[in-house]
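1. sharing a model prediction with you, sequence too.
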Amino acid sequence: DLLAKLKDPSLATDKALIGADWVAAAADGKTFDVLDPATGAHVATLPDMGRTETAQAIAVAHKAQKAWARKTGKERAQILRRLYDLLVTNADDLAVILTTEMGKPLAEAKGEVLYGASYVEWFGEEAKRVYGDTIPGHQPDKRIIVVKQPIGVVAAITPWNFPNAMLARKVAPALAAGCAIVSKPAAETPLSALALAILAERAGLPAGLFSVILSTDSASVGLEMCESDKVRKLTFTGSTNVGKILFRQSAGQVMKLGLELGGNAPFIVFEDADLDAAVEGAMVSKYRNNGQTCVCANRLYVQASVYDAFAEKLAAKVRALKVGGGFEPDVSAGPLISEKALAKVEDHIADAVSKGAAIAVGGARDAAKGDLFFQPTILTGVTPEMKLAREETFGPVAPLFRFETEEDVIAMANDTEFGLAAYFYARDISKIFRVAEELEYGMVGINTGLISTEVAPFGGIKQSGQGREGSKYGIEDYIEVKYLCLSV
Ligand code: ADP
């Protein structure tokens, strides 16, 4: 039982936050259930809302944003700092909520909470540094001043794989810039979003600036967000498919878009790499969050001369992974999020095996652990014709491709419509720069499998999205540039 596990049970709520009000029931009375993916146990029953509540939240946000925008950066920073402190103080409880609804191991959940909090800290600091510019005039009497202003009301749609951090990454820059935000978390994992809103309220955030809509009808909520003339920016993290729907839908309002979409990350091991380091990097990049991140290594390319050695070292580590419920001690891989997710993993493995790949480790469900558990898997002999090469697997499967030359592997790595993250291991410094510059990706990890941090710009190119989250670039997505031309 979730409440019994929390030091502060009031961090778990079954109400939505619509504008200034915590709302217990949907306009049409519908509800939906949140389940624990590790056990299938019922966690909460929540109001299942739609367009009506979305429009209400947007209307309140639109009013509240004006006063928020007039505050100084420092005033907004102080509230974000308090929110950061509250997130850190309550990190254990937030991790429990997260593991209960999403399944990742508790230690990983706490890591996510602190990672999410780091964005709140960073953007609170940035709130004071939204600098404009002065430009020498084009005529003797002209003075040109550039100011940066909050874009207005922001709508946010977030996925289930990082229930806390994906929302914190949007809420923090929006509030820092002086925007209001209306969010719709994934219906699988709404409780982490609600807990964030509870803490924002406790931090002293004025009412109406941060709404959390609860809904299984994301299409209707998304439509209202896209068609409302009060929303000026839509920020979305999720699948490329849904990103494209939102791109089309928001065209009518010429809305500013921030899209963090799917990836198909290559992870390249060159023969001059430190193999043990490459194995470590592959483990975190591939198996973190059980393979359910958009920056997870999806295709592992290993140079022929070190292929067998790498495969062997990786297999030893993967066999040692402990699968289990997120609350079990020392667990490194939890359940997948849904039956659909397992079916996709099985389909990718079956397709690869039918085309000649071999299962080196795992390859099947782990039914003894529960319905949604899958064994951490390694496939060898993987080739570009297999589905694994083209589609994001989003599960604990490492497909090992063999390559001969630098030219070949770059061509294969770039042969995808995605462009989010890429990784490679090498020691030759000339090669490192060559490869880093050739890879068509928004982020490149070189001799590291972990690239996420609030101080760097996270985001993709090609069909992986647009806009950046984190760093000094991240706040730009929430700001409009205005130029004042003054004749003196
Ligand atoms: P995933 O495969 O990770 O669930 P989705 O893109 O389907 O990826 O989901 C990410 C978020 O987008 C979730 O909050 C989901 O409810 C929402 N979503 C799904 N379909 C739509 C849609 N048509 N319009 C708006 N939001 C949607």
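-> It's in. Numbering: from 1, shown residues only.
2. please count neighbours and contacts with C-alpha atoms only from this point.
-> Will do.
3. and the helix or strand containing residue 84, how far from the chain's centre?
-> Per DSSP states H and E: residue 84 is located in helix 73-89. From the chain centre to the centre of helix 73-89 is a distance of 22 Å (Cα atoms, centre = their mean, to the nearest Å).
4. now do the next helix or strand after it, average pLDDT.
-> The helix or strand immediately downstream of helix 73-89 is helix 91-102, counting by DSSP H and E. In this model, helix 91-102 has an average pLDDT of 98.
5. show me the contact partners of helix 91-102.
-> By Cα atoms under 8 Å, 6 or more residues apart in numbering, the surrounding residues in contact with helix 91-102 are 2, 5-8, 11-12, 34-37, 43, 87, 104-107, 109-110, 112-114, 160-161, 163-164, 188-189, 191-192, 195, 326-327, 337.
6. that helix close to the ligand?
-> No. Interface with the ligand: helix 91-102 contributes nothing (Cα under 6 Å from any ligand atom), its closest point being 12.1 Å away.
7. is it true that residue 423 touches residue 444?
-> Yes. Contact criterion Cα atoms under 8 Å: residue 423 and residue 444 qualify, at 5.4 Å.
8. ok, these two, which is more surrounded?
-> More crowded of residue 423 and residue 444, by other Cα atoms under 10 Å: residue 423, with 29 against 23.
9. list the contacts of the residue nearest the centre of the chain.
-> For the chain, the residue sitting closest to the mean C-alpha position, by Cα atoms, centre = their mean, is residue 166 at 4.3 Å. Applying Cα under 8 Å, 6+ apart to residue 166 gives the contacts 116, 158, 159, 237.
10. now, which of the contacts of helix 91-102 lie within helices?
-> Counting by DSSP state H, the part of those found in helices is 2, 5, 87, 106-107, 109-110, 112-114, 191-192, 195.
11. max pairwise distance over the residues you listed: which two?
-> 2 and 114 (20.5 Å; Cα to Cα).
12. who has more neighbours, these two?
-> Shown here are residue 2 and residue 114; by other Cα under 10 Å, residue 114 has more neighbours (22 against 16).
13. tell me how far the more buried one lies from residue 203.
-> To residue 203, residue 114 is 17 Å away according to Cα to Cα, to the nearest Å.
14. of the contacts of residue 166, which is the nearest to residue 278?
-> residue 116 (26.8 Å).
15. what sits against that closest one?
-> Residue 116 neighbours (Cα under 8 Å, 6+ apart): 164, 165, 166, 167, 168, 169.
16. any chance of those in a markdown table, with distance to residue 251 and pLDDT too?
-> What follows is those, written out as a markdown table (distance: Cα to Cα, whole Å; pLDDT from 0 to 100):
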| residue | distance to residue 251 | pLDDT |
| --- | --- | --- |
| 164 | 29 | 98 |
| 165 | 28 | 98 |
| 166 | 24 | 98 |
| 167 | 23 | 98 |
| 168 | 26 | 98 |
| 169 | 24 | 98 |
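17. sort out for me which of those residues are in strands.
-> Among those, no residue falls in strands (DSSP state E).
18. spell out which residues of the stretch 201-350 of the chain are next to the ligand.
-> The stretch 201-350 of the chain comes close to the ligand at residues 218, 219, 222, 238, 239, 242, as judged by Cα under 6 Å from any ligand atom.
19. okay, the residues you listed in a markdown table with secondary structure next?
-> What follows is these, written out as a markdown table (DSSP: H, G, I helix; E, B strand; the rest coil):
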| residue | secondary structure |
| --- | --- |
| 218 | helix |
| 219 | helix |
| 222 | helix |
| 238 | coil |
| 239 | coil |
| 242 | helix |
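20. in PyMOL, how would I select the buried members of those?
-> Buried residues among these (16 or more other Cα atoms under 10 Å), as a PyMOL selection:
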select buried, resi 218+222+238+239
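21. does the residue nearest to residue 359 when sequence neighbours are not counted have beta-bridge partners, and which?
-> In space, and not counting its chain neighbours, residue 359 is closest to residue 379: 4.7 Å by Cα to Cα, 6 or more residues apart in numbering. Per DSSP bridges, the residues bridged to residue 379 are residue 359, residue 399.
22. residue 379: what's it in contact with?
-> 349, 357, 358, 359, 360, 361, 397, 398, 399, 400.
23. same thing but at 6 Å, please
-> 358, 359, 360, 399, 400 (Cα atoms under 6 Å, 6 or more residues apart in numbering).
24. top of those by neighbour count?
-> Going by other Cα under 10 Å, residue 399 tops those with 29 neighbours.
25. ok, the residue in the stretch 351-488 of the chain that the ligand sits nearest to - contacts?
-> Residue of the stretch 351-488 of the chain nearest the ligand, by Cα to the nearest ligand atom: residue 394 (9.0 Å). Neighbouring residues of residue 394 by Cα under 6 Å, 6+ apart: 291, 292.
26. A helix includes it, no?
-> No. Going by three-state DSSP, the assignment for residue 394 is coil, not a helix.
27. element containing residue 206?
-> Applying DSSP H and E, one finds residue 206 in no helix or strand.
28. neighbours around it, how many?
-> Quick note: residue 206 (other Cα under 10 Å) scores 16 neighbours.
29. give me the residue from the stretch 301-450 of the chain nearest the ligand.
-> Distances between the stretch 301-450 of the chain and the ligand by Cα to the nearest ligand atom are smallest at residue 341, namely 8.5 Å.
30. which SSE is that residue in?
-> Assigned by DSSP H and E, residue 341 falls within helix 339-354.
31. mind checking the pLDDT average for that helix?
-> Here the average pLDDT along helix 339-354 is 98.
32. quick thing: my sequence starts at 238, can you match it?
-> From this message on, residue numbering opens at 238, which makes the last subject helix 576-591.
33. what is that helix packed up against?
-> Helices and strands touching helix 576-591, by 3 or more Cα pairs under 6 Å, 6 or more residues apart in numbering; DSSP states H and E: there are none.
34. so for that helix, what gets flagged as buried?
-> Residues of helix 576-591 classed as buried by neighbour count (16+ other Cα under 10 Å): 578, 579, 581, 582, 583, 585, 586, 588, 589, 590.
35. quick one, phi/psi of the residue of the stretch 588-725 of the chain closest to the ligand?
-> When read as degrees, to the nearest 10, the backbone of residue 631 gives phi 60, psi 40.
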